[in-house]
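Asker: need a structure here:
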Amino acid sequence: MSIIAPDITVITPEEIRLGTGSGRRFEGADHGAGVSYFYVDNQPGQGSLLHWHPYPETWVVLEGDAAFTVGDRTITATAGDTITGPAFVPHRFENVGSGTMRLIGIHASAVIIQTVVE
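Answerer: Numbers count the residues shown, from 1 in each chain. I've put the predicted structure just below:
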């Protein structure tokens, strides 16, 4: 049995870079994928604004320490931890460590839909 694979591509960081830093925004719809993500690279004290999405979000902490506020709860996570947040609930994260914090924010949507609260 022979299976013909569809075309696949590699998306380089430069193609989806946010500004001049190393952060990235991948929108699945642009690449034939059903999910999207942010790759975040923050220094101590840096983080996101309070915002929400009409779908769940999952974060994977790759390096460092992050405080996640989801609704009225705040938890601290470290490298290797996975955190989830439900749809429509305001949330934010911040690097609370002394070094670089890297994480992936996975959006359960082919397009990123975000409403900033603050």
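Asker: okay, and the beta partners of the most centrally placed residue in the chain?
Answerer: Nearest residue to the geometric centre of the chain (CA atoms, centre = their mean): Gly105, 1.7 Å. Taking DSSP bridges, one obtains Phe38, Trp59 as the residues bridged to Gly105.
Asker: just to be sure, Glu15 is in a strand?
Answerer: No. Using DSSP: H, G, I helix; E, B strand; the rest coil, the secondary structure at Glu15 is helix, not a strand.
Asker: tally of neighbours for it?
Answerer: Other residues near Glu15 number 12, with proximity taken as other CB atoms under 10 Å. Placement of C-beta: from N, CA and C, glycine included.
Asker: what residues does Thr9 make contact with?
Answerer: When contacts are counted by CB atoms under 8 Å, 6 or more residues apart in numbering, Thr9 touches His31.
Asker: pull out the buried positions in stretch 45-57.
Answerer: Within stretch 45-57, the residues scored as buried using 16 or more other CB atoms under 10 Å are Gly47, Ser48, Trp52, His53, Tyr55, Glu57.
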